[in-house]
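S.K.: I would like to see how this sequence folds:
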Amino acid sequence: MHGEKELPHHCVGYGRNAPDIGQDHCPGHCARDIRAASERGIHVVYCTGRAVPELKLYFDMVPMMRYAVCSTGALVYDRVEKHCIDRRPVKSEMAAALAETAKRYHAMPHILTDDETIVAADDVTHMKDFHAGIYQPMFERITRKVADMAEEARHLTSIGKVNIYFRSSEDCHACYEELRTLPCPLRCRRRLH
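M.R.: Okay, the predicted model is just below:
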């Protein structure tokens, strides 16, 4: 882990769907189970594709949860010490290329950094067009809105992940075919909502 502090050996991973977080939702049995594990010396590690800013409310609901693996593994965060333990960043040039390609497909790029989550101002107002309407209230609250995602990416240094939301499966697959030769991990996933 790049010579930084290692996580305790008694850990268990836990994940919740991001829409649940956006709806300020943590079922009582989940919080109870996390508390019980914590009392037995087991660190429950939250594992998610979300960025740290998107988890602040969730951390408030389960304060005994210290660690989180965020941005689909690109960042390990210690919420007590409020710092990153480990990261696997996306280069700014790569994020800019992803955003430029997304724009050609009229898609919505979403950049997650260590400290914030960033979207284009003109995309966040109609996320249902990208089959991501369930996230819109959360994105309206927590994202930083910018005019040009590719230009913004060129100035960032701590990019953990780039999501791209598409209007259609066809656009998603066509964009994936265009991007799949890039030296970065890609996943094309169909949204169900």
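
S.K.: Residue 81 looks like it's in a helix, true?
M.R.: No - Residue 81 is assigned coil when assessed by DSSP: H, G, I helix; E, B strand; the rest coil, not a helix.

S.K.: That one and residue 112: what is the separation?
M.R.: Distance, residue 81 to residue 112, using CB to CB, to the nearest Å: 20 Å. C-betas here are computed from N, CA, C, even on glycine.

S.K.: Look at those two and report which has more neighbours.
M.R.: residue 112 (28 against 10; other CB atoms under 10 Å).

S.K.: after the helix or strand containing that one comes which helix or strand?
M.R.: Assigned by DSSP states H and E, residue 112 belongs to strand 108-113. Next along the chain after strand 108-113, taking DSSP H and E as the criterion, comes strand 117-120.

S.K.: helix/strand/coil for the spatially most central residue of the chain?
M.R.: Per CA atoms, centre = their mean, the C-alpha nearest to the average position across the chain is that of residue 50, at 2.5 Å. Secondary structure assignment for residue 50 (three-state DSSP): coil.

S.K.: shouldn't it be in contact with residue 70?
M.R.: Yes - counting by CB atoms under 8 Å, residue 50 does reach residue 70; the two are 6.2 Å apart.

S.K.: Please enumerate the shared neighbours of the two.
M.R.: Here residue 50 and residue 70 share the contacting residues residue 112, scored by CB atoms under 8 Å, 6 or more residues apart in numbering.

S.K.: Where do the strands of this structure begin and end?
M.R.: Secondary structure of the chain (DSSP state E): strands at 11-14, 43-47, 67-70, 75-78, 83-87, 108-113, 117-120, 144-146, 159-165.

S.K.: How confident is the prediction for the closest residue to residue 94 other than its chain neighbours, by pLDDT?
M.R.: With CB to CB, 6 or more residues apart in numbering as the measure, residue 184 is the residue that lies nearest to residue 94, at 5.5 Å, once sequence neighbours are left out. Here, the pLDDT recorded for residue 184 equals 75.

S.K.: what sits against the nearest residue to residue 71 once chain neighbours are set aside?
M.R.: In space, and not counting its chain neighbours, residue 71 is closest to residue 160: 3.3 Å by CB to CB, 6+ apart. Residue 160 makes contact with 51, 70, 71, 74, 75, 87, 88, 89, 90, 112, 113, 114, according to CB under 8 Å, 6+ apart.

S.K.: please redo it, this time with the cut-off set to 10 Å
M.R.: Residue 160 makes contact with 49, 51-52, 70-75, 77, 84, 87-90, 95, 111-115, 117, according to CB atoms under 10 Å, 6 or more residues apart in numbering.

S.K.: most distant residue from the middle of the protein?
M.R.: What lies farthest from the middle of the chain is residue 40; by CA atoms, centre = their mean that is 29.4 Å.

S.K.: Can I get stretch 108-125 in CSV? Just the C-alpha atoms.
M.R.: Extracted as CSV, the C-alpha positions of stretch 108-125 are listed here (Å, rounded to 0.1, in the frame of the first residue of the first chain):
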residue,chain,number,x,y,z
MET,A,108,-22.9,12.2,-19.4
PRO,A,109,-19.4,11.9,-17.9
HIS,A,110,-19.0,11.9,-14.2
ILE,A,111,-15.6,12.3,-12.5
LEU,A,112,-15.0,11.2,-9.0
THR,A,113,-11.9,12.6,-7.2
ASP,A,114,-10.6,12.2,-3.6
ASP,A,115,-12.6,15.2,-2.5
GLU,A,116,-15.5,15.7,-4.9
THR,A,117,-17.8,14.4,-7.6
ILE,A,118,-18.0,16.5,-10.8
VAL,A,119,-20.6,16.6,-13.6
ALA,A,120,-21.5,18.9,-16.5
ALA,A,121,-24.0,21.5,-15.3
ASP,A,122,-26.2,20.9,-18.3
ASP,A,123,-26.4,17.1,-17.8
VAL,A,124,-27.4,16.9,-14.1
THR,A,125,-30.8,18.5,-14.7
